[in-house]
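1. Have a look; sequence and predicted model below, questions after that.
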Amino acid sequence: MSGTWWQIRQVLVVACVATIPLLAWRGTGVIAQTRRERLAGAAYARGVAAQMDGRYAVAAAEFRDALALSPRATGAYTALGDVEFRRGHTDDAVAAYRQLMAIYPFTYIGELYRQVGLFELRGDRPEAAVRDLRQAVMLDPEDWVAFYWLGHASARVGDYASARASWSRVLLLNPDYPPAVRQLRDLDAKHP
């Protein structure tokens, strides 16, 4: 081997040996993250089992543990929101969904706004429900379910024109949907 090739070989060997600590350090981080993900998955599974058994307080604790271990576990946010709502904790349910909306990697989150709006409507917060349901239909103008709930929220705040428009939109998207037909008939009878 000539001297030039020998020097190139030595430089490459030194460069490779120098990267070993960096690779080892990065490898431990990957191993730790994998372990956290596995533990978060186990906590989530325990939460689902508790939720299925109707043990909502236990389920909420398990979902919170899963999120503490892996804050990007999107399924745990929706599950936490759902069990908190079942527990009657509207604020906590809405907060869980809002946290998910803050980190959700996609711009389409109309369905999440619809769910938050429904929580707020059922939690007797019609003004907040109107805001979130309007956001939902703005993001997905074909979401007839969001329009249906927006009609209810609008009627609850006394905005009967918006309620009528929302329920009419439901019928454009899902013709002859009996609850929307009934709501429009009742609205016309009470507020012509």
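-> Yep, that arrived. Numbers count the residues shown, from 1 in each chain.

2. okay, now Leu171: neighbour count?
-> Neighbours of Leu171 under the rule other CB atoms under 10 Å: 17. No exception for glycine: its C-beta is placed from N, CA and C like everyone else's.

3. tell me the SS of it?
-> helix (DSSP: H, G, I helix; E, B strand; the rest coil).

4. who's in contact with the spatially most central residue of the chain?
-> Computing the C-alpha centroid of the chain and ranking residues by CA atoms, centre = their mean puts Leu100 first, at 4.4 Å. Leu100 sits next to 74, 77-78, 81, 112 when contact means CB atoms under 8 Å, 6 or more residues apart in numbering.

5. now do Ala79
-> Contacts of Ala79 by CB under 8 Å, 6+ apart are 44, 47-48, 51, 59, 63.

6. List the ones among these that fall in helices.
-> Mapping the contacts of Ala79 onto helices (DSSP state H) picks out 44, 47-48, 51, 59, 63.

7. Output those as a markdown table; include the columns pLDDT.
-> Putting these into a markdown table (pLDDT from 0 to 100) gives the following:
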| residue | pLDDT |
| --- | --- |
| Tyr44 | 89 |
| Gly47 | 93 |
| Val48 | 91 |
| Gln51 | 94 |
| Ala59 | 95 |
| Phe63 | 92 |
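
8. among those residues, who's most crowded?
-> Neighbour max across the ones in helices among the contacts of Ala79 (other CB under 10 Å) = Phe63, 30 neighbours.

9. The residue nearest to that one when sequence neighbours are not counted: neighbouring residues, count only.
-> Nearest non-adjacent residue to Phe63, counting by CB to CB, 6 or more residues apart in numbering: Leu80, 4.0 Å away. The local packing of Leu80 (other CB under 10 Å) involves 29 other residues.
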